[in-house]
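Participant: What would the 3D arrangement of this be:
(chains A and B)
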Protein chains: 2
Amino acid sequence: MSKKPKQHPTALHEKEGVSDSEITNTSAINSIKSKRQSQPTTDDLVNAILKGDITALSRAITLVESTNPQHLQKANAIIKQCLPHANKSVRIGITGVPGVGKSTFIEAFGTHLTHLGKKVAVLAVDPSSSLTKGSILGDKTRMEDLVKDKNAFIRPSASGTSLGGVARKTRESIILCEAAGFDTIIIETVGVGQSETAVHSMVDFFLLLQLAGAGDELQGIKRGIIEMADAIAINKADGDNLKKAKLAKVEFNRALHMYPAKDSGWQPKVMLCSALNEDGISEIWELIETYISEAKNNTFFEQKRNEQNKFWLLQTIDDRLKSDFYNASEIKKELSNQLALIESGKTTPFAAAEYLLKLND
Amino acid sequence: MSKKPKQHPTALHEKEGVSDSEITNTSAINSIKSKRQSQPTTDDLVNAILKGDITALSRAITLVESTNPQHLQKANAIIKQCLPHANKSVRIGITGVPGVGKSTFIEAFGTHLTHLGKKVAVLAVDPSSSLTKGSILGDKTRMEDLVKDKNAFIRPSASGTSLGGVARKTRESIILCEAAGFDTIIIETVGVGQSETAVHSMVDFFLLLQLAGAGDELQGIKRGIIEMADAIAINKADGDNLKKAKLAKVEFNRALHMYPAKDSGWQPKVMLCSALNEDGISEIWELIETYISEAKNNTFFEQKRNEQNKFWLLQTIDDRLKSDFYNASEIKKELSNQLALIESGKTTPFAAAEYLLKLND
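Facilitator: Numbering: from 1, shown residues only, chains lettered A, B, ... in the order given. You can find the predicted model right below:
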């Protein structure tokens, strides 16, 4: 039995349209039309980016971050033209749990670099940002000086719930920033998830920010992050905290020595700093410069970038193969059934996999 | 211009066949035929396995390890019937670098368990064994007592170059061993590769064997293995080595405390043992029993097995999606071209991935 909508009179009436309003402002319409037409072409954007135009760079990144297929096509064309001008920067990953002082550190670190004549781009990878509305870098006011610095470019994390998607966007944004002349790229991420692995695989140097704790130094840091670090900087090493920070440095050094040597031959270092007082910042940059120069000399730098590229190629393919499979409607329907059968011991994971793969054929 | 084969006489001649040899031994033929017919059916094998028949168990595992599709079909049918009788054992993973004394340890540990009335199955995951012809468990003579023990079953690693394949076979063999009444399953692996992760995801308890070294204790152990360990046993803690082993215990304990707490709430322990002198073996088993009883009480045991099953379902699907993709002939041909284009900066990993995925559509 279908319910028939009631036909009683309502307070809402639709008025007949006016065929041609006399109050139409022709000049306003023309202005809008001309603005629409003035959307820059791919070539316009590329030329402007190569000249270091920040507005063009922002626009291109917006295209990279778009979900509109036409925008993505345009983004791909721009990236392709920018590629020969990219790959010339030092890429630094910075991670640490919330509260460690990442924004203050990046403010101090970035400002130090621009004073040295560097051009610094700060990007972020935070797949949760679409939910929390940008927990990192969302609040640019926390980086007052850097925001105003004409040699710095700050861009909050692309939004998206899939780490793969966010990572792709950030990685392509790096290329655009490099083409725009930024020679130092800082990628910020939070130290609480899988995103460190993604960031680690797109940077040359990975810096972990830590606080001096109470003995249990690694608490709260996801397993494996310590191992990815090329350096650990213990922040807020000032005032009453300095003694504790010095003790923490000893502990971290001991912990780092327990790990086997890195492929690069680099022994990760522990540094103290106070981003608030701008203490220890220049020492950290000198350490990174030493690392980069050693890595370039022993060709590890080049080799790592090649491996990262290969990793991203395979990663992108794997992500797509999986998303295509699990988004197929039959699989969506049957997957939970098979999981229930496994849980009740009626099938094995391998038999269930065979069954699902056949469904998809 | 095609080359025509020369038609000159050769020293090799084919003799005409003899239509019916008089020396054919009819009884021998019948004996072979009857042996062929006597291949046990699926039901025969299942019934025998459930009665604890080791020969039937070995035969079923051989089917699991076969690459013949008919054998695999039979194996799947057997596993399905065995499933309701499986899942009742304690599964223990044991790893350690070559030279740490794994075989001696498993000999002492397994014998200790059979003396307690346990039925012990020892399997191995060693994807390299097809090349090295079974580096682990291949030489059963290293476990003289356990091999002769009627309550023990030892099976070398399945062969195969793909870890995924070897892991699948081992995981299905666990089910068969459990159905045959084995209540303690030991999975051995070498501490030098990805295989620990595979073993870790199929056992309830993961034991890392170590030696007392000279300060640099974790040297040679792949990153992350320490983190997977529920206990570290320092072997060869005897004679002149005892003092060094005790120092190593302190170091390892310190290292373990640097890691965040495990999901299970379990704090990994460091033990000393001398497998050769059978010292410390019963303490390690008591520790495992404590762990299992705690994990069963707080339902972590059940929960972990469910997660492992889900992991294996997804893992099997991912492996197959990838192998289907990368084994497609167009992809094989084009992948290296795309990698070369990436390396020379002419395309991005993402654009190359798109290109390859489209090729495969």
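
Participant: so what's the one residue in the stretch 1-150 of chain A that gets nearest to chain B up against?
Facilitator: Across the stretch 1-150 of chain A, the shortest distance to chain B (C-beta to the nearest C-beta) belongs to A:Leu83, at 5.5 Å. Bear in mind the C-beta positions are built from the backbone N, C-alpha and C, glycine included. The contact partners of A:Leu83, by C-beta atoms under 8 Å, 6 or more residues apart in numbering or on different chains, come to A:175, A:179, B:345-348.

Participant: doesn't it fall inside a strand?
Facilitator: No: judged by DSSP: H, G, I helix; E, B strand; the rest coil, A:Leu83 forms no part of a strand; its state is helix.

Participant: Let me know the pLDDT of it.
Facilitator: Note on A:Leu83: pLDDT of 90.

Participant: likewise A:Ala28?
Facilitator: Per the predicted model, pLDDT is 69 at A:Ala28.

Participant: One more: A:Gly213?
Facilitator: pLDDT at A:Gly213 comes out at 66.

Participant: Spell out which parts of the stretch 1-150 of chain A neighbour chain B.
Facilitator: A:76, A:79-80, A:83-84, A:86-87 (C-beta under 8 Å from any C-beta of the partner chain).

Participant: how about the nearest residue to A:Leu176, chain neighbours excluded?
Facilitator: A:Ala60 (5.1 Å; C-beta to C-beta, 6 or more residues apart in numbering or on different chains).

Participant: pLDDT of the helix or strand where that neighbour lies, averaged?
Facilitator: Per DSSP states H and E, A:Ala60 falls inside helix A:54-65. Averaging pLDDT along helix A:54-65 gives 94.

Participant: Same check on stretch A:122-137?
Facilitator: 62.

Participant: And stretch A:166-183, by the same measure?
Facilitator: Stretch A:166-183 comes out at a mean pLDDT of 94.

Participant: packing partners for the helix holding A:Ala60?
Facilitator: helix A:42-50, helix A:69-82, helix A:163-179 (3 or more C-beta pairs under 8 Å, 6 or more residues apart in numbering or on different chains; DSSP states H and E).

Participant: May I see the buried residues of it?
Facilitator: Across helix A:54-65, burial judged by 16 or more other C-beta atoms under 10 Å in any protein chain shown covers A:56-57, A:59-61, A:63-65.

Participant: Thought A:Asp230 was touching A:Val270, still the case?
Facilitator: No: checked against C-beta atoms under 8 Å, the pair A:Val270 and A:Asp230 is beyond contact range at 11.2 Å.

Participant: ok, those two, which is more surrounded?
Facilitator: For A:Val270 and A:Asp230, the more surrounded residue by other C-beta atoms under 10 Å in any protein chain shown is A:Asp230, and the numbers stand at 23 against 20.

Participant: where does the closest residue in space to A:Leu163 that isn't next to it in sequence land in three-state SS?
Facilitator: Leaving out its chain neighbours, the residue that sits closest to A:Leu163 by C-beta to C-beta, 6+ apart is A:Pro127, at 4.5 Å. Recorded secondary structure, A:Pro127: coil (three-state DSSP).

Participant: wait, A:Pro127 sits on A:Lys169?
Facilitator: No: counting by C-beta under 8 Å, A:Lys169 is not a contact partner of A:Pro127; they are 10.5 Å apart.

Participant: Contacts only, for the residue most central in space within chain A.
Facilitator: By C-alpha atoms, centre = their mean, chain A has its centre lying nearest to A:Val125, at 2.2 Å. A:Val125 makes contact with A:157, A:163, A:166-167, A:170, A:187-189, A:195, A:198-199, according to C-beta under 8 Å, 6+ apart.

Participant: Check these and tell me the two furthest apart.
Facilitator: Pairwise distances across these peak at 14.9 Å for A:Leu163 and A:Glu188 (criterion: C-beta to C-beta).

Participant: hmm, back to that, adding mean neighbour count, write the helices and strands packed on helix A:54-65 out as TSV.
Facilitator: Converted to TSV, the helices and strands packed on helix A:54-65 look like this (neighbours: other C-beta atoms under 10 Å in any protein chain shown):
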stretch	mean neighbour count
helix A:42-50	18
helix A:69-82	17
helix A:163-179	24
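
Participant: Out of those helices, the one nearest B:Ile317 is which?
Facilitator: Of the helices and strands packed on helix A:54-65, nearest to B:Ile317 by C-beta to C-beta is helix A:163-179, at 17.0 Å.

Participant: Give me the contact list for stretch A:293-304.
Facilitator: A:204, A:263-266, A:292.

Participant: Drop anything exposed from these.
Facilitator: If we count by 16+ other C-beta under 10 Å, those have these buried: A:204, A:264, A:266, A:292.

Participant: what sits against the first one?
Facilitator: A:Asp204 makes contacts with A:90-92, A:292, A:295, A:301, A:304-305, as judged by C-beta under 8 Å, 6+ apart.

Participant: Following the lowest-mean-pLDDT helix or strand in chain A in sequence, what is the next regular element?
Facilitator: Least confident helix or strand of chain A, by mean pLDDT, DSSP states H and E, is helix A:129-132 with a mean of 45. Downstream of helix A:129-132, the first helix or strand assigned by DSSP H and E is helix A:144-148.

Participant: For that next one, list the C-alpha coordinates in CSV.
Facilitator: Extracted in CSV, the C-alpha atoms of helix A:144-148 (Å, rounded to 0.1, in the frame of the first residue of the first chain):
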residue,chain,number,x,y,z
GLU,A,144,52.8,33.6,13.4
ASP,A,145,56.3,34.6,12.2
LEU,A,146,56.6,31.8,9.6
VAL,A,147,53.2,32.6,8.1
LYS,A,148,54.3,36.2,7.5
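
Participant: what comes up buried for it?
Facilitator: A:Leu146.

Participant: Over to stretch A:282-295?
Facilitator: A:282, A:284-285, A:287-288, A:291-292, A:295.

Participant: mind checking the end-to-end distance for stretch A:265-282?
Facilitator: 23 Å (C-alpha to C-alpha, to the nearest Å).

Participant: In it, which residues are buried?
Facilitator: A:266, A:268-275, A:280-282.

Participant: A:Gln70: which of those is nearest?
Facilitator: Looking across the buried residues of stretch A:265-282 and measuring by C-beta to C-beta, the closest to A:Gln70 is A:Ala275, at 42.2 Å.

Participant: can you pull the pLDDT of that closest one?
Facilitator: For A:Ala275, the predicted pLDDT is 94.

Participant: For it, which residues are in contact?
Facilitator: Contacts of A:Ala275 by C-beta under 8 Å, 6+ apart are A:101, A:104-105, A:107-109, A:235-236, A:281.

Participant: Now with 7 Å, please.
Facilitator: Contact partners of A:Ala275, counting by C-beta atoms under 7 Å, 6 or more residues apart in numbering or on different chains, are A:101, A:104-105, A:108, A:235, A:281.
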